[in-house]
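Participant: With the sequence up front, the predicted model follows.
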Amino acid sequence: MTANASAGLITLAVIAAVSSAGAQVQLTAVPNLIDLSHVQDSALPPISTVTIGAVSSSGATTTKYRYTGVTIANTAVPMPPNFLIVTPTSGTTPGAIFVALNESVVGAMERGAYSLYLNFSTVDQSPAAATQVLVSLGLARTPPSITSVLNSASFQPAVSPGALVSIFGTNFGPPVTATQYDGDGAYPTGVPDNASTNTTVTFGGIAAPLTYVSGSQINAIVPFGVSGMKTVDVVVTCYNLSSAAFSVPILDTSPAIFTATQNGTGQGAILNVNPQDPYAPGATTYNSPSNPAPPGFAIVMYATGAGAWNPPIPDGEIALTILNPMCSDIDLECTKLVNQPLTVTIGGKPATVFYAGTALYEPWSLLQINAYVPNDAPSGQQPVVLKIGQNDNSQQGVTIAIQ
């Protein structure tokens, strides 16, 4: 038998390999050929059925059999643990065996040709009779495709150096993976760390740190190296296949506030701070229409899109100390500053920002802003506008509840 492993095709060739000379009963597998077509990351082909039978010198007979596992038929290609699901694993002839691809295993395999033998043997005779089902698998993949690159807080196409962004599309790689920073406090630029299945993202040819990867979404950090560029090409690569370049405009800053609904608009993910004891457990509560912030109270919000830092920060590095680019307090370290001025208004009234800097043990891309609600802020749901440099988030429509 010859296995056809052309791009996009899976061929399951079923061969009855009867063995065990001298056995009273011989096993058979019918049919002897099943052809299936499949491209990875698409719907799996239908389940295949193989009938295990038995014959003796007097003709067809009944005997018990069992599935004894797989052996590798093609040693030229590295094999996964097992890319097939076989059920049931025992029965009485004539019996139906169902063979299907294991989606979780096949989804993480490289392109190429693979072969396995499925082994079956009799249970109640010695020597045992056996038969094998040869499964030849040819895998092909569809390259990644990018549909949008958006600011992770606003979900708008506003991107700047160091910003947290979400990339949407298809065929981005293995199952969901949330990344962790390494021992040096930096996020990886490839997920997982495997040369063949590695998912990577580049902005203008510069590798971007990744914080989350799934088949349809990647969360990444825009490399600071794109500073000064007007547009960059974003490329996703997985299983050694690259997407078409997706052009993205680059701004100096792209301020955006994270929202409670995580859809980029509406109620901000803002915390009210108890002024009596701001460091006590439970001192911060989520701002909402049922829990509005009184005028004069402190609030905490989180944003991204502050642009470059001065001096520069390595891509993907987390903050190991609290730094204050506003430098409003001489007791706070001010050695690293955002390059652009920062202001906040609430309900159209300027708010006093008393901290705008890194969040401890979070990437430098995440900006923590502490401010006081203006004493003359109107009550009800009021817009919050964050401006960094020449750009603001007014189109985002973020609100805060004021008492």
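Facilitator: Yep, it's here.
Participant: so how many other residues sit close to the nearest residue to Asp277 once chain neighbours are set aside?
Facilitator: The spatial neighbour of Asp277 that comes closest, neighbours along the chain excluded (Cβ to Cβ, 6 or more residues apart in numbering), is Ala283 at 5.8 Å. Any C-beta I mention is one placed from the backbone N, CA and C, and that applies to glycine too. Counted with other Cβ atoms under 10 Å, residues neighbouring Ala283 total 15.
Participant: just checking, Ala283 touches Asn274?
Facilitator: Yes. Between Ala283 and Asn274 there is a contact under Cβ atoms under 8 Å: 4.3 Å.
Participant: Ala43 - that's part of a helix, no?
Facilitator: No. Counting by DSSP: H, G, I helix; E, B strand; the rest coil, Ala43 is not found in a helix; it is coil.
Participant: Show me the beta-bridge partners of the residue nearest the centre of the chain.
Facilitator: In the chain, the residue lying closest to the centroid (Cα atoms, centre = their mean) is Val213, at 1.7 Å. When assigned by DSSP bridges, Val213 has beta-bridge partners Thr177, Ile218.
Participant: Please report the distance of it from Asp182.
Facilitator: Distance, Val213 to Asp182, by Cβ to Cβ, to the nearest Å: 16 Å.
Participant: Equivalent analysis for Asn287, please.
Facilitator: Relative to Asp182, Asn287 is positioned 35 Å away (Cβ to Cβ).
Participant: who's more crowded, these two?
Facilitator: Between Asn287 and Asp182, Asn287 has the larger neighbour count (other Cβ under 10 Å), namely 25 against 11.
Participant: just checking, the more buried one touches Ile257?
Facilitator: No. Taking contacts as Cβ under 8 Å, Asn287 lies outside contact range of Ile257: 11.8 Å.
Participant: which neighbours do these two share?
Facilitator: Both Asn287 and Ile257 are in contact with 268, 270, where contact means Cβ atoms under 8 Å, 6 or more residues apart in numbering.
Participant: tell me the domain ranges of the chain?
Facilitator: As given by automatic domain parsing, the domain ranges for the chain are 9-139, 145-249, 256-402.
Participant: what residue ranges in the chain score low on pLDDT?
Facilitator: Filtered on pLDDT under 70, the chain yields the residue ranges 1-23, 34-37, 75-80, 174-178, 181, 183-184, 191-197, 278-282, 322-339.
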